[in-house]
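Chemist: Here is my input, please return the structure:
(chains A and B)
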There are 2 protein chains.
Amino acid sequence: MSISMHAASVPVFKQFLTSLDALLAKAEQHAAERKIDPGALLQARLFPDMFPLLRQVQIACDFAKSVPARLAGTDVPVDDDTEQDFGQLRARIAKTLAFVDSLAAEAFEGAERREIVLRPGTPKERKLDGRTYLLHYGLPQFFFHVATAYDLLRHNGIEIGKKDYMGAY
Amino acid sequence: MSISMHAASVPVFKQFLTSLDALLAKAEQHAAERKIDPGALLQARLFPDMFPLLRQVQIACDFAKSVPARLAGTDVPVDDDTEQDFGQLRARIAKTLAFVDSLAAEAFEGAERREIVLRPGTPKERKLDGRTYLLHYGLPQFFFHVATAYDLLRHNGIEIGKKDYMGAY
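Modeler: Predicted structure coming up:
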């Protein structure tokens, strides 16, 4: 036994929410400097039935708030997904960061055995213990959406590198 | 203290190496059915100075072998990166999976405090403890390359969904 559930979740989400914000800041600046409609980036997709950048960021924030909240046994804050521009999207990230930061480390004690129910009340309902939920579901989902946001920006010519994705560690 | 360093690494790498293999299997089949040159997928990039699919998979395998090896205090197996087709690339994944599976759980005891040196002997040398190395560097790097491989395949019209990325958990 060697890593706490708090250490395996909260600081990791914080690192990549912060890097996601910095990626969006560079995209916003790129658009401003070249007089590109910000919507051309925010609505960019890698394929017609994939989510656009704006939605990728919202979903990344959803995992970053819901995974630590459920592990800590607290209610998941509700967001109404009304963001439409870079400023609002970055405010959503800031709000998510503040929430994650507000969770007390003690609330994660025993979280590895806490029962987490995915998609409750649906035919796809699935019960996982907290450890499986974090390591095999929550973090992989979160990283998927952060990396896809990065890929979308790279694909659209924003000058970023993997260092920007990695952020400070 | 609640998750072992073994549980936080080996089974996670196995889940996503397995899903990466399944993604490549679908891509290989897609190319065969439509008489698409497999190289058109393997050399596909999201931007000219990003790595193509083949290299993304090799790098994902590199993190999947090197991170658990270093945590377990064992030598990192050497691969010469000669893969050129889907069969060879999937064999590389199989080899990586077998290596990860061969590591004894006991070898990870105390790995959270083991000193890991990134880029040793270079101006960018960096020392991390095992916990930081796994959670803030190794897993995020691995997920980046798996998600980017997925994004590349989606961008090229392969019929896969996030379920395929997630694999079995």
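Chemist: Chain B contacts on chain A?
Modeler: A:1-5, A:7-8, A:11-12, A:15-16, A:46-47, A:50, A:109-112, A:128, A:131-132, A:135-137, A:139-141, A:143-144, A:147-148, A:150-151, A:154-155, A:157, A:162, A:165-166, A:169 (C-beta under 8 Å from any C-beta of the partner chain). All C-beta atoms are positioned from the backbone trio N, CA, C, and that covers glycine.
Chemist: Contacts only, for the residue nearest to the spatial centre of chain A.
Modeler: When C-alpha atoms, centre = their mean is applied to chain A, the residue found nearest the centroid is A:A60 (2.5 Å). Applying C-beta atoms under 8 Å, 6 or more residues apart in numbering or on different chains, we find A:A60 in contact with A:16-17, A:20, A:142, A:145-146, A:149.
Chemist: Which of the residues you listed fall within helices?
Modeler: When these are checked against helices (DSSP state H), the matches are A:16-17, A:20, A:142, A:145-146, A:149.
Chemist: before we move on, the earlier item: filter the residues of chain A next to chain B down to the buried ones, PyMOL style.
Modeler: Buried members of these, defined by 16 or more other C-beta atoms under 10 Å in any protein chain shown, are picked up in PyMOL with:
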select buried, chain A and resi 2+3+4+5+7+8+11+12+15+16+46+50+109+111+112+128+131+132+135+136+137+139+140+141+143+144+147+148+150+151+154+155+162+165+166+169
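Chemist: From the residues of chain A next to chain B, which land in strands?
Modeler: Per DSSP state E, strands hold the following members of these: A:L128.
Chemist: can you tell me which of the residues of chain A next to chain B are in helices?
Modeler: Reading helices off the residues of chain A next to chain B with DSSP H, I get A:11-12, A:15-16, A:131-132, A:139-141, A:143-144, A:147-148, A:150-151, A:154-155, A:162, A:165-166.
Chemist: quick revisit: what about the residue nearest to the centre of chain A, which helix or strand?
Modeler: Using DSSP states H and E, A:A60 sits in helix A:53-72.
Chemist: packing partners for the helix or strand following that helix?
Modeler: Under the assignment DSSP H and E, the closest C-terminal helix or strand after helix A:53-72 is helix A:86-102. Packing contacts for helix A:86-102, counted by 3 or more C-beta pairs under 8 Å, 6 or more residues apart in numbering or on different chains; DSSP states H and E, involve helix A:10-33, helix A:38-42, helix A:53-72.
Chemist: try 6 Å this time
Modeler: When contacts are defined as 3 or more C-beta pairs under 6 Å, 6 or more residues apart in numbering or on different chains; DSSP states H and E, helix A:86-102 packs onto helix A:10-33, helix A:53-72.
Chemist: which one of those has the most crowded surroundings?
Modeler: helix A:53-72 (a mean of 23; mean count of other C-beta atoms under 10 Å in any protein chain shown).
Chemist: ok and it relative to helix A:139-155, angle-wise?
Modeler: 160 degrees (axes from the mean of the first three to the mean of the last three C-alpha atoms, to 10 degrees).
Chemist: Now helix A:53-72 - C-alpha only, CSV.
Modeler: What follows is helix A:53-72, C-alpha atoms only, in CSV (Å, rounded to 0.1, in the frame of the first residue of the first chain):
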residue,chain,number,x,y,z
LEU,A,53,-13.0,21.2,-29.2
LEU,A,54,-15.5,23.1,-27.0
ARG,A,55,-17.3,19.9,-26.0
GLN,A,56,-14.0,18.0,-25.5
VAL,A,57,-13.0,20.6,-22.9
GLN,A,58,-16.4,20.5,-21.2
ILE,A,59,-16.2,16.7,-20.9
ALA,A,60,-12.7,16.8,-19.6
CYS,A,61,-14.0,19.2,-16.9
ASP,A,62,-16.9,16.8,-16.2
PHE,A,63,-14.5,13.9,-15.4
ALA,A,64,-12.2,16.2,-13.4
LYS,A,65,-15.0,17.2,-11.1
SER,A,66,-17.1,14.0,-11.0
VAL,A,67,-14.3,11.5,-10.4
PRO,A,68,-12.8,13.2,-7.3
ALA,A,69,-16.2,14.2,-6.0
ARG,A,70,-17.5,10.6,-6.1
LEU,A,71,-14.3,9.3,-4.5
ALA,A,72,-14.7,11.9,-1.8
